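S.K.: Give me coordinates for this.
(2 chains)
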Protein chains: 2
Amino acid sequence: MSKPIEVEVCIIGGGVSGLKAAHTLLNYSESKYSSKDLILLEAQDRLGGRIFTDRTSSKLGLSYDLGASWFHDSLNNVVLEESINDGSFNVMEDGYYDDKDMKVFASDKDGPLDVNDMRLHRVAEDLEKFIELYYFDDLDKKDMPLYKIVGMFMEKHSSRLTTEQKKYCNTMLRYLELWYGITWDKISAKYSIMDHQGRNLFNKKGYDFVINKLSRDIPEDRILLAHPVTSIIRNNKNGDKKVAVESANGPTVYCNYLIVTVPQSILSLSPLHIHGITWTPPLPSNITNALESIHFGALGKVIFEFDSCWWDINEDRFEILADSTDDSLLSESLKLPPKSFSFPVFAVNYAAVHKNSTKGASLCILTQSPLTDYLESHPDQAWSYFKPMLAKLKFSDHEVSDPINTITSNWTNNPYVRGSYSAVESGDDPLDIITQLSGEHDCGLTDKNIRFAGEHTILDGSGCVHGAYMSGQREAIWILKDSGAISTAE
Amino acid sequence: MSKPIEVEVCIIGGGVSGLKAAHTLLNYSESKYSSKDLILLEAQDRLGGRIFTDRTSSKLGLSYDLGASWFHDSLNNVVLEESINDGSFNVMEDGYYDDKDMKVFASDKDGPLDVNDMRLHRVAEDLEKFIELYYFDDLDKKDMPLYKIVGMFMEKHSSRLTTEQKKYCNTMLRYLELWYGITWDKISAKYSIMDHQGRNLFNKKGYDFVINKLSRDIPEDRILLAHPVTSIIRNNKNGDKKVAVESANGPTVYCNYLIVTVPQSILSLSPLHIHGITWTPPLPSNITNALESIHFGALGKVIFEFDSCWWDINEDRFEILADSTDDSLLSESLKLPPKSFSFPVFAVNYAAVHKNSTKGASLCILTQSPLTDYLESHPDQAWSYFKPMLAKLKFSDHEVSDPINTITSNWTNNPYVRGSYSAVESGDDPLDIITQLSGEHDCGLTDKNIRFAGEHTILDGSGCVHGAYMSGQREAIWILKDSGAISTAE
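M.R.: Numbering: from 1, shown residues only, chains lettered A, B, ... in the order given. Next up, the predicted model:
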């Protein structure tokens, strides 16, 4: 075992929240901390966490963000705002607003549906408003899965809907599966409708630029890669530091402040699990209960590269509607490849993103659990599964060709990630975990020197890069104030 | 002078709120009132108020609602719901969802703009969200006119907008002028963004069906048409009824309960005005102050009928963007016809509404004050004003032809209406008047037997038929309970 490390602040996790915490501790005006006062432990052999820009797999010379890839809430997104201001991101060159009206396809029709003429989006908007009004009337109303409330709407408003609207709008809200990474038989109806604070801006540059920017000022020896934490001793008696952190490969770290940014999926693991963390004393029941009232989704990506485009290069995004299915089977884990058209498909067209039909002959498809889990474990089956659906996109006199390259994410098999981000299933309480971990209320741990950050610990921007970023900043500032490193007068 | 009338309840105004009040008083279960207990005074020589279905002016055999013509908030609209349930309105036959994506035109281009490709609607949505977030942060923030906050957005987000977006989105939110009936140099930014509870459903049947339904059960002798009220004596000492109401053509009505449904524009008139109402004692300052903190818009309509359609018969609605103008001049009352493209145009295509390109060779254009005032007084100038703008709609190889018939509303010249409905100008307080008049709070008059109803007295559905309807029902039920006519236990 190597020599123990003594620092003021230890940060667990080198994703955007941990790195932003470190960056803030070092750069905040009046901060008394320098790099020797902190250490960052990262379980994987790379920084970035759920930001991962793959710059090597493409045969077309492209880069792909296999994790986060959009700036969401772009009117109120501090990462975007700061990146524009410091010159590291130029919206017009490095971004792409992929929000042209989506082209929608269905199993019973070749070529896109005339969504506008059929007013399918108007009915989908009504559906979302219906859900909002249903729970707005009475917040204590019992939750239900998304598919159930869609059924309620379709029945109640049957006399106002055309035959086509009944056929296609029935499964139209399943696009939300590709936000949450879980299927609509699980999605909480009560918390299904999102309020976006501005357009979604696709990041063409690759999200690793944020990771590089944040980690630039941290000396290499302050970051220990491949050091998965195994144990956190909250009441350390060994020396004068309050907390001891043990990792698989590493020296024991003694610190006065600890920021825990491991994903919710890791926090939820039993200490007996091989990748679980042993807390001494154990996490209190207010936290463990909160962790049991929230789930974790698995948004994944499958990218197909082709010799050339055989779809409409002028459309940003394609949605292929799922057929109505026996929903009870949806969320079972898949042992065989699923039937085509049993899950909705959402695909981003890189030819449009890059305004280049040769270089961008590539489609990026988002997947939800349990499909993500299946395809990440069977990437070789991805094309045979998607081909019958993607064939609907065939444009003009082109012929559907097989891909020259398939790239899939692998989050579900990554023991330190285990999926994508927080997901609210029917009956869940999305706020409890945030209340417990955000440190903004008198909840969580009684030992206030142990802090939590990450997308699961914050309401604004939860599940997003900017949420994780702000949570890291929040905890760094708390520590700076608590330790007297900066004035609390402001 | 004719013989005085003594009744339990007098209702002033035979629009939808007054008629719904009368209908409720007579038909509510357990109500002890019969028609002899009430009288309704209407200033005009017809019922309906700001509902007016013109069934005689068309040369195409159509009917036109010159006042209200949509069911707004169709997910939560009690008038629509009840009309579907009682069989008086069939959505598929009597209604038309005119909410296909709007075709948008501009002065510098023939034919429609490619709104989707230019993402103009996405930027407009961002603009609305920007306004919402701006005031959400701090509700006490100073109000400003809509055009100012649009300018703020365009400046702040300049680096994210294309040249085309800068050109066209600058005036795109002026479509709101055709909701509020006032121009954007007046529209309150703080209260500009609406939350619709469902799609807008165009009423093809004619809104008079609601008026007819409500008035059917009221005997003719209980309705006095052409009886504009001149005086309300709140503390009547003449006999045992509490209130005396005098109208131009007499008789004096003595009653124990009074429901005042005259438009806000009439309530706001000085008692010295020829159409003002003298209150004895005068209205208290809490009400007169509230009336001064709200305005009244003038949404109008100009309908052109043609021999045949020369525009795209498959589009529901056309929007013609205004050019950027010197906004300081906008809200001045117009002495000369305005320049083309100085106001945005919103037109409904009756060929699409009626799915009949011959019978429906008609365009209905909404207008805002001060244009409404001008055109309602100079209907002969309507075509020469609109022609250069409407010519943009020329479709395929058709030629623009002159109309065979022009029909305009005349609300601004109607002394008993004087415009359209409540409008919130910058700096106004839209809630005060509702608080004072709705009777739901301990405000308004101390003599609680005098009640107010109408679109200006209710928050949900304010400015709409269903709002007026619910306000009439609200007051009738209050009186039924207060008079012991029905149990208050429920």
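
S.K.: From now on I want contacts and neighbour counts done on CA atoms only, so please keep to that.
M.R.: Noted.

S.K.: Low-confidence ranges, the stretch 1-150 of chain A, go.
M.R.: Applying pLDDT under 70 to the stretch 1-150 of chain A flags residues A:1.

S.K.: Run through the residues of it sitting next to chain B.
M.R.: A:75, A:91-92, A:99-101, A:116-117, A:119, A:122, A:125-126, A:129-130, A:133 (CA under 8 Å from any CA of the partner chain).

S.K.: Can you flag the buried ones in these?
M.R.: In those, burial by neighbour count holds for A:L75, A:V91, A:D99, A:K100, A:D101, A:R119, A:R122, A:D126, A:K129, A:F130, counting by 16 or more other CA atoms under 10 Å in any protein chain shown.

S.K.: would you list every one of the strands in the stretch 1-150 of chain A?
M.R.: A:5-12, A:38-41, A:53-54, A:64-65, A:70-71, A:95-96, A:103-105 (DSSP state E, counting those that start in this stretch).

S.K.: could you redo the ones you listed as TSV and give each row mean neighbour count?
M.R.: Listed next are those as TSV, based on neighbours: other CA atoms under 10 Å in any protein chain shown:
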stretch	mean neighbour count
strand A:5-12	23
strand A:38-41	24
strand A:53-54	18
strand A:64-65	24
strand A:70-71	23
strand A:95-96	20
strand A:103-105	22
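
S.K.: mind checking which of these is nearest A:L225?
M.R.: strand A:38-41 (6.3 Å; CA to CA).

S.K.: just checking, what packs against the closest one?
M.R.: strand A:5-12, helix A:16-27, strand A:223-224 (3 or more CA pairs under 8 Å, 6 or more residues apart in numbering or on different chains; DSSP states H and E).

S.K.: For the stretch 151-300 of chain A, which residue gets nearest to chain B?
M.R.: A:G198 (5.3 Å; CA to the nearest CA).

S.K.: Now do the same contact list for that residue.
M.R.: A:H72, A:D73, A:S74, A:L75, A:N76, B:E125, B:D126, B:K129, B:F130 (CA atoms under 8 Å, 6 or more residues apart in numbering or on different chains).

S.K.: Now with 7 Å, please.
M.R.: A:D73, A:S74, A:L75, B:D126, B:K129 (CA atoms under 7 Å, 6 or more residues apart in numbering or on different chains).

S.K.: Please apply the same query to A:A248.
M.R.: A:H227, A:P228, A:V229, A:T230.

S.K.: A:L459 is in contact with A:A468, correct?
M.R.: No: applying CA atoms under 7 Å as the test, A:A468 and A:L459 come out as separate, 10.1 Å apart.

S.K.: neighbour-wise, which of the two wins?
M.R.: Higher neighbour count among A:A468 and A:L459: A:A468, with 28 against 15, using other CA atoms under 10 Å in any protein chain shown.

S.K.: Distance check, the more buried one against A:V9.
M.R.: 19 Å (CA to CA, to the nearest Å).

S.K.: coming back round to it: will you turn the contacts of A:A248 into a markdown table that also has pLDDT and distance to B:G463?
M.R.: Formatted as a markdown table, the contacts of A:A248 follow (pLDDT from 0 to 100; distance: CA to CA, whole Å):
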| residue | pLDDT | distance to B:G463 |
| --- | --- | --- |
| A:H227 | 97 | 64 |
| A:P228 | 98 | 62 |
| A:V229 | 98 | 61 |
| A:T230 | 97 | 63 |
